[in-house]
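# please work out how this folds:
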Amino acid sequence: MSPDETPYAEIDRLVHEPSRLHILTVLSLVEGADFLFLMRQTGLTKGNLSSHLGKLEGAQYVEIRKEFVEKIPHTVVMITPDGREALQAYRRKMAEVLKKVPKK
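Numbering: from 1, shown residues only. Next up, the predicted model:
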């Protein structure tokens, strides 16, 4: 079987990246998370988190809301229905891939 015929070929590479997978997993457990909470949960720097969130937002997997709380900027991130479905599809495909791994 060629690599293109395996379920692995169908895995969403955007979700597969470990930091983005971590972000989506955290967001799937909450209604919304502020930027600092996501930084603490993922261990990412501000720059890395911003970069990954930009990619997830571009794919419409997350929604980012920026607001001011007492004149202080506050960023809240939520997983979208598309993001939730992408995460579930990733889980299903990875389960298929792992079933094909020989047990020793």
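# please count neighbours and contacts with C-alpha atoms only from this point.
OK.
# quick check, central residue of the protein?
Leu24 (2.9 Å; Cα atoms, centre = their mean).
# elements contacting whichever helix or strand Leu56 is part of?
Here Leu56, judged by DSSP states H and E, is contained in helix 46-58. On a contact count with 3 or more Cα pairs under 8 Å, 6 or more residues apart in numbering; DSSP states H and E, helix 46-58 meets helix 18-28, helix 35-42, strand 62-69.
# and the ones you listed as a markdown table, adding distance to Leu87 and mean pLDDT?
Listed next are the helices and strands packed on helix 46-58 as a markdown table, based on distance: least, Cα to Cα, whole Å; pLDDT from 0 to 100:
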| stretch | distance to Leu87 | mean pLDDT |
| --- | --- | --- |
| helix 18-28 | 7 | 98 |
| helix 35-42 | 17 | 97 |
| strand 62-69 | 11 | 94 |
